[in-house]
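In: Everything below, folded, please.
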Amino acid sequence: MKKQHPAVNLSSFSIIFLTLILGAGLTFTSKTFLSVNNIVSILYGVSITFWGTIGFVYLMIMGELDLSVGSVYAFSGMMVGFLMKNHWPIVPALIAALALCVLIGLINGFLVVRFKVPSMMITLGTMAAVRGLANLLCTWLYGYPYPPSYDALARQRIGGIQLTTVIMILAVLVLEVLLKRAAVFRQMYYVGENLETARIYGIRAGRQKIAVFAIMSFLAGIGGILIGSRLRFADSTIGNGLEFTILTAVVLGGASLSGGKGSILRAVVGLIFLSTITTGMIVHNIEPLIQQLIVGVILIITVFIDTRMSDIGSRGSFRRSALQVKSGVRA
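Out: Numbering: from 1, shown residues only. Modelled structure (predicted):
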């Protein structure tokens, strides 16, 4: 079951080139963009969003989506704050919040696999339900500043750089290698490329999908805890629209909505690209509403290009299969 790769995959590599061009352009048009503080700030923000992006890449490789990631971000951080407000120590509060996030992911995965409902629909419902829980927690936490032990989580530094940034860089390198080399990760590509063929080869696709949904929510929970630590208080707007930001970054990084493609490294570059655009718009005093419009347009364009490329790829695969049948070669 060898996967066929095109000789040149522009959608996979162009994001790196575009990010470099964008960075160079902003460097020439702004004196503050290339400052150390600004670069460190961009990487710091990306290093928190990064956690939910990992699971999102895994799911998209398998042909699934999780639109509840933003709500889980909000829920996990505020759940830790709520438990600590009720006199829980920091470690048990973290464990309990992450366990609840895993439960959310397991529910998502079970419903998708057991009832064969599109993951977009299931997680859309989860997004609304978990957001409701997060808003309820936010009401209970109104006016409550998080304890110092919670605040300190996202503020650890190594040589002037946030620990979360260092962890992100190391994690990207390790996870990218595992994604390409480890058998269990390679199976995700097979499931996303052709589910029925993957099952014929003995891959337990259903169990893998449930596990990845749980991992998705667990990682989103970590990101939400770090956001809560960074803000130091509950905020009902945490994670709003985050799922679309991550989706845009992952597709910009070469992943496909139809599954079978994806890269941790290029997805993170996609996040850096979007964060750089946002920073550039702030530097040039572009209004926030226009910023949202521009990011939305980028999402529309990337999804359109991905859909077109997927259609072309599908037609190419169909033609190759037809030629093989005609020539007597088993497809």
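In: Does anything pack onto the host helix or strand of Val57? Which helices or strands?
Out: In this assignment (DSSP states H and E), Val57 forms part of helix 36-61. Counting contacts by 3 or more Cβ pairs under 8 Å, 6 or more residues apart in numbering; DSSP states H and E, helix 36-61 packs against helix 69-85, strand 161-162, helix 163-181, helix 183-193, helix 205-231, helix 242-252, helix 264-283. Bear in mind the C-beta positions are built from the backbone N, C-alpha and C, glycine included.
In: at 6 Å instead, please
Out: If you count contacts as 3 or more Cβ pairs under 6 Å, 6 or more residues apart in numbering; DSSP states H and E, helix 36-61 packs onto helix 163-181, helix 183-193, helix 205-231, helix 242-252, helix 264-283.
In: how deep is Gly259 tucked in, by neighbour count?
Out: Gly259 has 22 neighbouring residues, counting by other Cβ atoms under 10 Å.
In: Oh, that last question was meant for Phe82, not what I typed.
Out: 20.
In: Phi and psi next, for Gly143.
Out: phi 80, psi 10 (degrees, to the nearest 10).
In: from now on call the first residue 39
Out: OK, 39 is where the count begins now, so the last one is Gly181.
In: before we move on, the earlier item: go through the helices and strands packed on helix 74-99 and name the closest to Asn173.
Out: Closest approach to Asn173 among the helices and strands packed on helix 74-99 (Cβ to Cβ): helix 243-269, 14.0 Å.
In: hang on, the earlier thing: out of the helices and strands packed on helix 74-99, which comes closest to Ala134?
Out: Of all the helices and strands packed on helix 74-99, helix 243-269 comes closest under Cβ to Cβ, at 10.6 Å.
In: Could I get the buried residue list for the helix holding Val95?
Out: For helix 74-99, burial by neighbour count (16 or more other Cβ atoms under 10 Å) applies to 76, 80-99.
In: can the helices and strands packed on helix 74-99 go into JSON lines with extra columns for distance to Gly163 and mean pLDDT?
Out: Listed next are the helices and strands packed on helix 74-99 as JSON lines, based on distance: least, Cβ to Cβ, whole Å; pLDDT from 0 to 100:
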{"stretch": "helix 201-219", "distance to Gly163": "29", "mean pLDDT": "94"}
{"stretch": "helix 221-231", "distance to Gly163": "23", "mean pLDDT": "92"}
{"stretch": "helix 243-269", "distance to Gly163": "14", "mean pLDDT": "96"}
{"stretch": "helix 280-290", "distance to Gly163": "13", "mean pLDDT": "92"}
{"stretch": "helix 302-321", "distance to Gly163": "25", "mean pLDDT": "92"}
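In: these two touch, right, Phe71 and Leu64?
Out: Yes: counting by Cβ atoms under 6 Å, Phe71 touches Leu64, with 4.4 Å between them.
In: Can I get the helices and strands packed on helix 74-99 in CSV including mean neighbour count and distance to Met159?
Out: CSV is the format used below for the helices and strands packed on helix 74-99 (neighbours: other Cβ atoms under 10 Å; distance: least, Cβ to Cβ, whole Å):
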stretch, mean neighbour count, distance to Met159
helix 201-219, 16, 27
helix 221-231, 18, 19
helix 243-269, 23, 14
helix 280-290, 25, 14
helix 302-321, 22, 24
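In: and Ala166, which of those helices is closest to it?
Out: Comparing those by Cβ to Cβ, helix 280-290 comes nearest, at 12.2 Å.
In: okay, the closest one in PDB with CA atoms only?
Out: Output in PDB follows, covering the C-alpha atoms of helix 280-290 (Å, rounded to 0.1, in the frame of the first residue of the first chain):
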ATOM      1  CA  LEU A 280      -9.400  29.600  17.100                       C
ATOM      2  CA  GLU A 281     -10.500  26.600  15.200                       C
ATOM      3  CA  PHE A 282     -10.600  28.600  12.000                       C
ATOM      4  CA  THR A 283      -7.200  30.100  12.600                       C
ATOM      5  CA  ILE A 284      -5.700  26.600  13.100                       C
ATOM      6  CA  LEU A 285      -7.600  25.200  10.100                       C
ATOM      7  CA  THR A 286      -6.200  28.000   7.900                       C
ATOM      8  CA  ALA A 287      -2.600  27.400   9.200                       C
ATOM      9  CA  VAL A 288      -2.800  23.600   8.700                       C
ATOM     10  CA  VAL A 289      -4.200  23.900   5.200                       C
ATOM     11  CA  LEU A 290      -1.600  26.600   4.400                       C
END
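In: what angle sits between that helix and helix 74-99?
Out: Between helix 280-290 and helix 74-99, the angle comes out at 80 degrees (axes from the mean of the first three to the mean of the last three Cα atoms, to 10 degrees).
In: what packs against helix 280-290?
Out: By 3+ Cβ pairs under 6 Å, 6+ apart, helix 280-290 packs against helix 74-99, helix 107-123, helix 302-321, helix 326-364.
In: got a list of contacts for that helix?
Out: 53, 90-91, 94-95, 98, 105, 107-108, 111, 305, 308-309, 312, 336-337, 340, 344 (Cβ atoms under 6 Å, 6 or more residues apart in numbering).
In: Show residues contacting stretch 313-330.
Out: Leu60, Leu64, Ser68, Phe71, Ile80, Gly83, Val84.
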